[in-house]
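Trainee: how would this look folded up:
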Amino acid sequence: MISETIHQVNASLPVITKLIAVSKTQSMDKIMEAYEAGQRDFGENKVQELVAKYEALPKDIRWHMIGHLQSNKVKYIAPFVHLIHGVDSLKLLQEIDKQGQKIGRKIPCLLQFHIAQEESKFGFSMEDANESLTQKNLNSLSHIQLCGVMGMATFTDNTAQIRQEFKALASTFKTLKQHHFSSVESFQEISMGMSDDYPIAVEEGSTFIRVGSKIFGERL
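Mentor: Coordinates of the predicted model:
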């Protein structure tokens, strides 16, 4: 079933959109089943679990940190993480840069924006982003690679609201690209859409969808 679902989801996606299989709390066996089906991008939301899986599983897996990341945990994933999705403050950006400098690596990151009508979600507002992304700050961050934006829609059955939130994130991406990253080739990703709402996200321009329960079944 895991293999079949991965092939079905990938077959439904446009060329620009990549599937991240959200493997948090899933067993190594289930991850390997997805791996053997050709899946290489996996998402985790806890650093300890991510490190354990990185150490145990094939090294050509591209690991995505998709959860809220605390500054004091960055050092554990800095050497290998493929992309950090949830960068929601200048302080965290600076810590990622610091850890990247220590190991001589540019660490790819997405800026997380608060697009949902839920206080529990993290992320920049456009005002915060404009304050943080000054030329001085960007020039000082030589060991991060900013690749785009990430956001999570409100957990609701209201598809019109979800679509509006994804539209807002796509608009934020365009504004940032125009005003801060017009000459930055790597700034091209929009990470939005999960198991229940990714078809809407794809229609609104998502380049990464984060799908867990649809692939692996409900979390343990």
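Trainee: the spatially most central residue of the chain: which element?
Mentor: Geometric centre of the chain, nearest residue: H85, 3.1 Å, by Cα atoms, centre = their mean. When secondary structure is defined using DSSP states H and E, the element that contains H85 is strand 83-87.
Trainee: show me what that strand is packed up against.
Mentor: The elements that strand 83-87 packs onto, with contact taken as 3 or more Cβ pairs under 8 Å, 6 or more residues apart in numbering; DSSP states H and E, are strand 62-65, helix 90-103, strand 107-113, strand 144-151. Quick note: C-beta positions are derived from backbone N, CA and C, even for glycine.
Trainee: strand partners of the first one, parallel vs antiparallel please.
Mentor: Partner strands and pairing direction for strand 62-65 (DSSP bridges) are strand 41-44 (parallel), strand 83-87 (parallel).
Trainee: what does the shortest one contact?
Mentor: Looking back up the chat, that one is strand 41-44. Residues from elsewhere that reach strand 41-44, judged by Cβ atoms under 8 Å, 6 or more residues apart in numbering: 18-24, 31, 34, 50, 53, 61-67, 82, 85, 210, 212.
Trainee: make it 7 Å
Mentor: Residues from elsewhere that reach strand 41-44, judged by Cβ atoms under 7 Å, 6 or more residues apart in numbering: 18-24, 31, 50, 53, 61-66, 210.
Trainee: buried only: go through those for me.
Mentor: Neighbour-count burial (16 or more other Cβ atoms under 10 Å) applied to those gives 18-24, 31, 50, 53, 61, 63-66, 210.
Trainee: out of those residues, which comes closest to S125?
Mentor: Minimum separation from S125 among these (Cβ to Cβ) is found for I66, which lies at 20.4 Å.
Trainee: sorry, back to before: any idea of the angle the strand holding H85 forms with strand 107-113?
Mentor: Counting by axes from the mean of the first three to the mean of the last three Cα atoms, to 10 degrees, strand 83-87 lies at 30 degrees to strand 107-113.
Trainee: pLDDT (mean, whole number) over strand 83-87?
Mentor: For strand 83-87, mean pLDDT rounds to 96.
Trainee: now swap in stretch 192-212 and tell me
Mentor: In this model, stretch 192-212 has an average pLDDT of 97.
Trainee: now that stretch: buried residues?
Mentor: Neighbour-count burial for stretch 192-212, with 16+ other Cβ under 10 Å as criterion, is recorded at 192-194, 196-198, 200-202, 204-212.
Trainee: put the alpha carbons of it into PDB.
Mentor: Output of stretch 192-212 as PDB, limited to C-alpha atoms (Å, rounded to 0.1, in the frame of the first residue of the first chain):
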ATOM      1  CA  MET A 192       2.700  24.000   1.500                       C
ATOM      2  CA  GLY A 193       0.100  21.300   1.500                       C
ATOM      3  CA  MET A 194      -0.300  18.100   3.600                       C
ATOM      4  CA  SER A 195      -2.300  14.900   3.300                       C
ATOM      5  CA  ASP A 196      -5.800  16.500   3.500                       C
ATOM      6  CA  ASP A 197      -5.200  19.700   1.500                       C
ATOM      7  CA  TYR A 198      -2.200  19.200  -0.800                       C
ATOM      8  CA  PRO A 199      -4.400  19.100  -4.100                       C
ATOM      9  CA  ILE A 200      -5.400  22.700  -3.300                       C
ATOM     10  CA  ALA A 201      -1.800  23.700  -2.500                       C
ATOM     11  CA  VAL A 202      -0.600  22.200  -5.800                       C
ATOM     12  CA  GLU A 203      -3.200  24.300  -7.700                       C
ATOM     13  CA  GLU A 204      -1.800  27.400  -5.900                       C
ATOM     14  CA  GLY A 205       1.800  26.700  -6.800                       C
ATOM     15  CA  SER A 206       3.300  24.500  -4.100                       C
ATOM     16  CA  THR A 207       6.700  23.000  -5.000                       C
ATOM     17  CA  PHE A 208       6.900  20.800  -1.900                       C
ATOM     18  CA  ILE A 209       4.000  18.800  -0.400                       C
ATOM     19  CA  ARG A 210       4.400  17.200   3.000                       C
ATOM     20  CA  VAL A 211       2.300  14.000   3.100                       C
ATOM     21  CA  GLY A 212       2.300  11.500   6.000                       C
END
